[in-house]
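Enquirer: pasting the sequence and the predicted model now:
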Amino acid sequence: MNPTDAQSSLDDIRRLQGKTHDEIVRHNFTLPYVLLGAVGLLIGFGGTDLDNSWRTLSMVLGFGLFVGVAIVHERRASARMKGSLPLLGLQSAISAGVLLVYIVFRIASWALFGLPAHGLLSQGMAGGVAATVAYVLATPLTRRAHLAIMRHDARRG
């Protein structure tokens, strides 16, 4: 193999790797899965102020739907990515951000609007709606960050 053939092969590998990254990101952030995950978050967070048995049911159903969507989604992927510390950090930051939005809006709904602490139209539901909207609106930014991390990891290793 001469140097030109070797360079051509390496260029093909990089091009195909870029297509693989694009496919992984496209698949990870498809709208139906994002919306189903958001519904799961809404049910889980929104039910935190219900009576004990309904709270348990809503949290199991909501967060179970969120996790179930992620599992099914990953199983249907045509290409899988290697895990990395920066991707784990990104996912942790997203989770912390959604939880922070929930807490801030729960407190704000009580302080600004005087929403009750129990019932369906409560502080928990207001925080849940805000967290769900934040999760959906952050998806394009998350997609870009995900792709940038994957490309950076590919160049490094």
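Expert: Arrived safely, thanks for sending.
Enquirer: rest of the way, CA atoms for contacts and neighbours
Expert: Will do.
Enquirer: pull the helix or strand with minimum mean pLDDT from the chain.
Expert: Taking mean pLDDT, DSSP states H and E as the measure, the helix or strand of the chain with the lowest value is helix 3-28, at a mean of 69.
Enquirer: so how many other residues sit close to the nearest residue to residue 35 once chain neighbours are set aside?
Expert: Leaving aside its chain neighbours, residue 35 sits nearest to residue 136 (7.3 Å; criterion: Cα to Cα, 6 or more residues apart in numbering). Other residues near residue 136 come to 15 when the count uses other Cα atoms under 10 Å.
Enquirer: just the element for residue 136, please.
Expert: helix 123-137 (DSSP states H and E).
Enquirer: that helix packs against which elements?
Expert: Using 3 or more Cα pairs under 8 Å, 6 or more residues apart in numbering; DSSP states H and E, the elements in contact with helix 123-137 are helix 31-46, helix 85-113.
Enquirer: now do the first one against helix 85-113, angle only.
Expert: Here the directions of helix 31-46 and helix 85-113 differ by 50 degrees (axes from the mean of the first three to the mean of the last three Cα atoms, to 10 degrees).
Enquirer: count the residues that sit near the closest residue in space to residue 110 that isn't next to it in sequence.
Expert: Nearest residue to residue 110, sequence neighbours excluded (Cα to Cα, 6+ apart): residue 123, at 6.2 Å. Residues contacting residue 123 under the criterion other Cα under 10 Å number 28.
Enquirer: ok, now which ones touch residue 37?
Expert: Contacts for residue 37 were tallied using Cα atoms under 8 Å, 6 or more residues apart in numbering; they are 65, 66, 67, 69, 70.
Enquirer: which among those end up buried?
Expert: Neighbour-count burial (16 or more other Cα atoms under 10 Å) applied to those gives 65, 66, 69, 70.
Enquirer: including distance to residue 54 and secondary structure, could the residues you listed go into JSON lines?
Expert: Formatted as JSON lines, these follow (distance: Cα to Cα, whole Å; DSSP: H, G, I helix; E, B strand; the rest coil):
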{"residue": "65", "distance to residue 54": "16", "secondary structure": "helix"}
{"residue": "66", "distance to residue 54": "18", "secondary structure": "helix"}
{"residue": "69", "distance to residue 54": "22", "secondary structure": "helix"}
{"residue": "70", "distance to residue 54": "24", "secondary structure": "helix"}
